[in-house]
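> model this:
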Amino acid sequence: MLGTYVLSAGYYDAYYLRAQKVRALIRRDFDQAFASVDAIVSPTSPTTAFKLGEKMDDPLAMYLNDVYTVPANLAGLPASRFPAASIPRGCRRAAADRKPFEEETLLRIAHAAEPSEHRLPPLAEGR
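As a prediction, this is how the structure comes out:
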């Protein structure tokens, strides 16, 4: 219902069109960054994982824990979360690749960052 409201005649320019313009600016910034790099690797959250139920009374804190994942989504970029052995337990890293629907670079980064004891064996030839 909210989507229908925002896209209705009086609100299209005020909300949807403005949001699309901001989204284009975010994508442009990523495109500029990808002119010199193949991928961007960053933290997924500003803190380590909190205890189960610890933030139930603070929905804003729960939302902000995923704040670093938002830009890739807004830009329409493929992204992945993976554990990184060199950071505290419970933290994750996110990588964004410059080419939507071409996730090979992204998967290589995640594979390289994954501790060897957690890696799956390679697939057999022909599979």
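> just for the chain, where's the confidence low?
The chain contains residues with pLDDT under 70 at 1-10, 83-102, 114-120, 122-127.
> can you map out the strands along it?
39-43, 79-82, 93-97 (DSSP state E).
> point out the other helices and strands that the first one packs with.
Secondary structure elements in contact with strand 39-43, counted by 3 or more Cβ pairs under 8 Å, 6 or more residues apart in numbering; DSSP states H and E, are strand 93-97, helix 104-113. The way it works is simple: take the backbone N, C-alpha and C, and place the C-beta from them, glycine included.
> how far away is the residue nearest to Arg27 when sequence neighbours are not counted from Asp13?
Leaving aside its sequence neighbours, Arg27 sits nearest to Ala75 (Cβ to Cβ, 6 or more residues apart in numbering; 4.5 Å). Using Cβ to Cβ, to the nearest Å, Ala75 is found at 22 Å from Asp13.
> more neighbours: those two, which one.
Between Ala75 and Asp13, counted using other Cβ atoms under 10 Å, the more crowded position is Ala75 (20 against 9).
> so who does the more buried one touch?
The contact partners of Ala75, taken as Cβ atoms under 8 Å, 6 or more residues apart in numbering, are 23, 26-27, 30, 96.
> of these - the most surrounded one?
Neighbour-wise, the contacts of Ala75 (other Cβ under 10 Å) top out at Ala96, 22 neighbours.
> before we move on, back to that, and the contacts of Ala75, which of them are in helices?
23, 26-27, 30 (DSSP state H).
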